[in-house]
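# coords below, sequence missing:
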């Protein structure tokens, strides 16, 4: 069987700024056998105990649309930046870049740390759950801006590669 034997669905939460071109998940199925694309290891996994996205969030897409999404993993990532400054009460000046991947098996939230590597963080969740008062200056950015900021502040190229 070819990949065209699958029916594909993108997980799209429009109120959260997602679209078919930039979804938070990708699913496929043959009959009742569902699989999801893991944003942790970028392979297909059987659904198992993982819940299907709510019907309102499942958008049917073509096999060609699925291939386009699979060819550009950045379409699944959300990036954020936090600018720290003593003028705002922070201890020191710094620019922190974060990324979020909503994989069906777990939420991946990382910050690009001082060791020039992505490390787990809760800052994004604190912002989304607690509101701007917890992380007031967290701003949504695109992957190109995230890459540029990491290059400018840490001297690292290719940090946003997935």
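Nice, thanks for sending it over. Bear in mind that the values here come from a model prediction, so they are computed numbers and not experimental data.
# I'd say residue 124 and residue 109 touch.
Yes - look at residue 124 against residue 109 with Cβ atoms under 8 Å: they come within range, at 4.7 Å. All C-beta atoms are positioned from the backbone trio N, CA, C, and that covers glycine.
# which neighbours do those two have in common?
98, 100 (Cβ atoms under 8 Å, 6 or more residues apart in numbering).
# ok, which stretches of the chain are strands?
In the chain, the segments counted as strands under DSSP state E are 7-11, 25-30, 33-37, 44-46, 58-61, 78-84, 94-103, 106-112, 118-120, 139-141.
# if you count neighbours, what's buried in the fourth one?
For strand 44-46, the buried set under the neighbour-count rule, 16 or more other Cβ atoms under 10 Å, comprises residue 45.
# packing partners for it?
Packing contacts for strand 44-46, counted by 3 or more Cβ pairs under 8 Å, 6 or more residues apart in numbering; DSSP states H and E, involve strand 33-37.
# what angle separates the strand it packs on from strand 94-103?
Per axes from the mean of the first three to the mean of the last three Cα atoms, to 10 degrees, the angle that strand 33-37 makes with strand 94-103 is 170 degrees.
# and residue 82, how many neighbours?
Residues contacting residue 82 under the criterion other Cβ atoms under 10 Å number 19.
# right, I mislabeled it, should have said residue 68
The number of residues packed around residue 68, counting by other Cβ under 10 Å, is 14.
# please tell me how far it sits from residue 22.
From residue 68 over to residue 22 the distance is 12 Å, taken as Cβ to Cβ, to the nearest Å.
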